[in-house]
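Novice: Starting from these lines, generate the structure:
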Amino acid sequence: MKNRLLYKLNNDGKVIITGYESEENKIIIPSEVHGKKVVGVGEYAFCDNNKIEVVILPLGIEYIGSFAFEFCENLKKIKLPNSITYIGESAFEGGCSLTEINIPSGMSKLEKSTFEECIELKEVEIPGNIKYMDQRVFEFCLKLERVVMHEGVEFIGNGCFFCCRRLKEFYMPNTVKATGKEILLGCRSLERITFSTKLRKIEVGLISRCRKLRKIYLPQNIEIVCNGAFAECSRVERFEYENLDIVMGVKVFDGCTSLLENSNFIKKMKKYLENTVGQK
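Specialist: Here you go, the predicted model:
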């Protein structure tokens, strides 16, 4: 069977790739089709294609649509040119064989669930040009061990690293001003976390069920700790905070068994514990 790209023209007469008829496992997308520039990969273009293993994109391509490579379970390699300014939601969700990915310097936002369930992904680097990370971008990346997040990121959305079970350290750059809920919930190998000095609120369940974490330190800028923020972090032995006027929600330390067996902690936190531990 002869390889054949499927495409359409947008309003400017430029090419959007919409699919590919082929038995090959390697896709090469050209920079032009019949003399017209290729600017993007359309929504759902290769969704559920289990033959694809390698994709080569041309320099100059500008975007990848939502769900474009969703559930391409055998996709192992794709390099994203820096000309890309937009990748749609769930574009690579379920890319079970993808072992590495680069974030183009032309982008400023990571959309919802972009790399969710990329279970072979081991390391990601979030460059400073990314200002906003939407919810669940790397959720269930079960083998993700290392996240390098550069200064420039300002917001991390709900469940962004939810259940990244091998993630050991998390450094939040000082440009981060806010986060969503449960961004690190279920990261059961997490041993160390550093909070941004511009963050004022620890959101609901932010690092709950991180059962290897032994110390939590909150800098002076943290003013509010929301419900269940540290729940079921059972091995945490030390909790330190600088802001004496800090406000805490309910069940903040629920299931933090090591802390709740420490008499010094109980004494120090007496004014909070009535609300911060769940009622039996």
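
Novice: How many residues are close by residue 104?
Specialist: By other Cβ atoms under 10 Å, 19 other residues sit near residue 104. Every C-beta, even on glycine, is put in place using the N, C-alpha and C of the backbone.

Novice: If you drop the residues flanking it in sequence, what lies closest to it?
Specialist: Nearest non-adjacent residue to residue 104, counting by Cβ to Cβ, 6 or more residues apart in numbering: residue 84, 4.3 Å away.

Novice: Could you do residue 262 as well?
Specialist: Closest residue to residue 262 apart from its sequence neighbours, by Cβ to Cβ, 6+ apart: residue 237 at 7.2 Å.

Novice: And for residue 119?
Specialist: The nearest residue in space to residue 119 (Cβ to Cβ, 6+ apart) is residue 142, at 4.7 Å.

Novice: Run a quick neighbour tally on residue 228.
Specialist: By the measure other Cβ under 10 Å, the count of residues near residue 228 is 25.

Novice: Actually, residue 116.
Specialist: 24.

Novice: isn't it right up against residue 90?
Specialist: Yes. Between residue 116 and residue 90 there is a contact at 6.8 Å, judged by Cβ atoms under 8 Å.

Novice: thinking again about what came up before, and the residue nearest to residue 262, what does it touch?
Specialist: Contact partners of residue 237, counting by Cβ atoms under 8 Å, 6 or more residues apart in numbering, are 214-215, 258-259, 262.

Novice: Name the member of the residues you listed with the most neighbours.
Specialist: Neighbour count (other Cβ under 10 Å) singles out residue 259 as the most crowded of the contacts of residue 237, with 23 neighbours.

Novice: Can you show me the CA trace of the helix or strand containing that one as PDB?
Specialist: Assigned by DSSP states H and E, residue 259 belongs to helix 257-260. What follows is helix 257-260 as a C-alpha-only set of coordinates in PDB (Å, rounded to 0.1, in the frame of the first residue of the first chain):
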ATOM      1  CA  THR A 257       0.800   9.000  62.000                       C
ATOM      2  CA  SER A 258       4.400   9.800  62.700                       C
ATOM      3  CA  LEU A 259       3.600  13.500  63.400                       C
ATOM      4  CA  LEU A 260       0.600  12.700  65.500                       C
END
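
Novice: what's the model's confidence in that helix, averaged?
Specialist: For helix 257-260, mean pLDDT is 95.

Novice: Distance check, the residue nearest to residue 183 when sequence neighbours are not counted against residue 150.
Specialist: Sequence neighbours aside, residue 160 is the residue nearest to residue 183 in space, at 4.7 Å (criterion: Cβ to Cβ, 6+ apart). Distance, residue 160 to residue 150, by Cβ to Cβ, to the nearest Å: 15 Å.

Novice: More neighbours: which of these two?
Specialist: It is residue 160, of residue 160 and residue 150, that has more neighbours when counted by other Cβ under 10 Å, with 24 against 13.

Novice: for that one, what are its contacts?
Specialist: By Cβ under 8 Å, 6+ apart, the neighbours of residue 160 are 133-139, 179-180, 183.

Novice: try residue 142
Specialist: Listed by Cβ under 8 Å, 6+ apart, the contact partners of residue 142 are 119, 163-166.

Novice: Thanks a lot, see you next time.
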